[in-house]
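Undergrad: Quick one, structure for this:
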Amino acid sequence: MNLFQAVYECLMTSDIDKKLSMLSNIQSYAGEQVFDLSPTASIERIPDPGRPQTPELVSPKALPRRRLGSPEGHAALMHSIAHIEFNAINLALDAIYRFQEMPEKYYLDWLGVAGEESYHFQMIREHLYNLGYEYGDMVAHDGLWMTTFETDHDPLIRMALVPRTLEARGLDVTPPMIQKLRSIGDKRGVEILKILLHDEIGHVEVGTRWFRYLCAARGLNAFNAFQEIVENYYYGDLRGPFNYEARAEAGFCDEEIAWLKTLNQPKPKITSEQSTSSSS
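TA: Prediction:
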């Protein structure tokens, strides 16, 4: 089995159950170390990976706002998490297929991530079903994959922006979500999110480790490179609150944590005197 071809076929498969089965098969071959790492003849750009026809993808601003206290709001939260985890499977697969000149350990790491994301998705999908909904019943957005597509030219930028920036946000927002689910008595949801938080620390650490590997290979200062990539390529506004403890576990160094703390500081208000002075 050629690993890159097998991963590409899995990545482009739209049927959810078939994708999960194919991924499990690839992991079995990887566990037995009977795969071929010969690069493919070409590497395709993938504006749209394999995914089901639903959920309908809309702009983040078009997502309806629902209160968690309602059954619909509860299901909407779990649906959004399921969507993130399904996308994360494709993100991990693309990290393997896209960059075919990395060490073998890199591919084993991202196969492990893909497997854990598959497990997460299946847990949340089952929980969502028990709430009376299926994955695809609600709209979702495509921000994670768009960033993946836009970073397909450089593994350094991919590692900085996807696992270390976008996926690291999960470390920040999951503890408050756990508290919200606990407040409405969703014990199973709390259990699932605790598993996700634990595993996602490891996933961000994988991105951190390979980001630093690439920086060292290119003679770059990792902290400066991370700052520059975020400032030049990240379209959002990176601000807290940040889960500093989880990020430290995921490999963020003291210098990076200190930088994040500066981003979390409230911006000074401009007084009327300052405004008048600057305009004169």
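Undergrad: Now tell me what touches stretch 180-196 from outside.
TA: With contact meaning Cβ atoms under 8 Å, 6 or more residues apart in numbering, stretch 180-196 is reached by 68-69, 74, 77-78, 81, 85, 120, 123-124, 127, 130, 170, 174, 177-178. Using the backbone N, CA and C atoms, a C-beta is placed for each residue, glycine as well.
Undergrad: Which of those residues sits closest to residue 104?
TA: Closest approach between those and residue 104, by Cβ to Cβ: residue 120, at 25.0 Å.
Undergrad: so who does that closest one touch?
TA: 85, 88, 192, 195, 196, 199.
Undergrad: give me that answer again for 6 Å
TA: Residues near residue 120 by Cβ atoms under 6 Å, 6 or more residues apart in numbering: 85, 196.
Undergrad: and if you look at residue 97?
TA: Applying Cβ under 6 Å, 6+ apart, the residues near residue 97 are 4, 7, 8.
Undergrad: Which of these sits closest to residue 250?
TA: Using Cβ to Cβ, the contacts of residue 97 come closest to residue 250 at residue 7, 24.2 Å.
Undergrad: Buried by neighbour count: which residues of the strand or helix carrying the closest one qualify?
TA: Residue 7 is part of helix 3-11, with elements assigned from DSSP states H and E. For helix 3-11, the neighbour count (16 or more other Cβ atoms under 10 Å) marks 3, 4, 6, 7, 8, 10, 11 as buried.
Undergrad: just checking, next helix/strand downstream of it?
TA: Beyond helix 3-11 toward the C-terminal end (DSSP H and E), the next one is helix 16-31.
Undergrad: model confidence over that next one, on average?
TA: Confidence over helix 16-31, taken as the mean pLDDT, stands at 93.
Undergrad: now the angle from the helix or strand just after it to helix 3-11?
TA: Remark: after helix 16-31, the chain's next helix or strand is helix 71-98, criterion DSSP H and E. Computed with axes from the mean of the first three to the mean of the last three Cα atoms, to 10 degrees, the direction of helix 71-98 lies at 160 degrees from that of helix 3-11.
Undergrad: Helix 71-98: how far from the chain's middle?
TA: Distance, stretch centre to chain centre, for helix 71-98: 8 Å (Cα atoms, centre = their mean, to the nearest Å).
Undergrad: returning to what we had before: buried members of the contacts of stretch 180-196 into PyMOL, please.
TA: Only the buried entries of the contacts of stretch 180-196 go into this PyMOL selection, using 16+ other Cβ under 10 Å:
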select buried, resi 68+74+77+78+81+85+120+123+124+127+170+174+177+178
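Undergrad: list the buried ones in the lengthiest helix in the chain?
TA: Determined from DSSP state H, the single longest helix within the chain is helix 187-218. Residues of helix 187-218 classed as buried by neighbour count (16+ other Cβ under 10 Å): 189-190, 192-193, 196-197, 199-201, 203-215.
Undergrad: What of stretch 23-35?
TA: Buried, per 16+ other Cβ under 10 Å, within stretch 23-35: 23, 26, 27, 30, 35.
Undergrad: So which residue is dead centre in the chain?
TA: residue 167 (3.4 Å; Cα atoms, centre = their mean).
Undergrad: could you check the distance from that residue over to residue 19?
TA: Residue 167 is 19 Å from residue 19, where distance means Cβ to Cβ, to the nearest Å.
Undergrad: ok, now residue 125?
TA: Relative to residue 19, and taking Cβ to Cβ, residue 125 is found at 12 Å.
Undergrad: Looking only at neighbour counts, state which of the two leads.
TA: Higher neighbour count among residue 125 and residue 19: residue 19, with 25 against 21, using other Cβ atoms under 10 Å.
Undergrad: Where does pLDDT dip in this structure?
TA: Applying pLDDT under 70 to the chain flags the ranges 265-280.
Undergrad: Between the buried residues of helix 3-11, which sits nearest residue 155?
TA: Using Cβ to Cβ, these come closest to residue 155 at residue 4, 14.1 Å.
Undergrad: residue contacts, that closest one?
TA: Per Cβ under 6 Å, 6+ apart, neighbours of residue 4: 40, 97, 100.
Undergrad: hmm, 8 Å instead?
TA: Residue 4 makes contact with 37, 38, 39, 40, 96, 97, 100, according to Cβ under 8 Å, 6+ apart.
Undergrad: from memory residue 140 sits against residue 83, does it?
TA: Yes. Residue 140 lies in contact with residue 83 (Cβ atoms under 8 Å); the separation is 4.2 Å.
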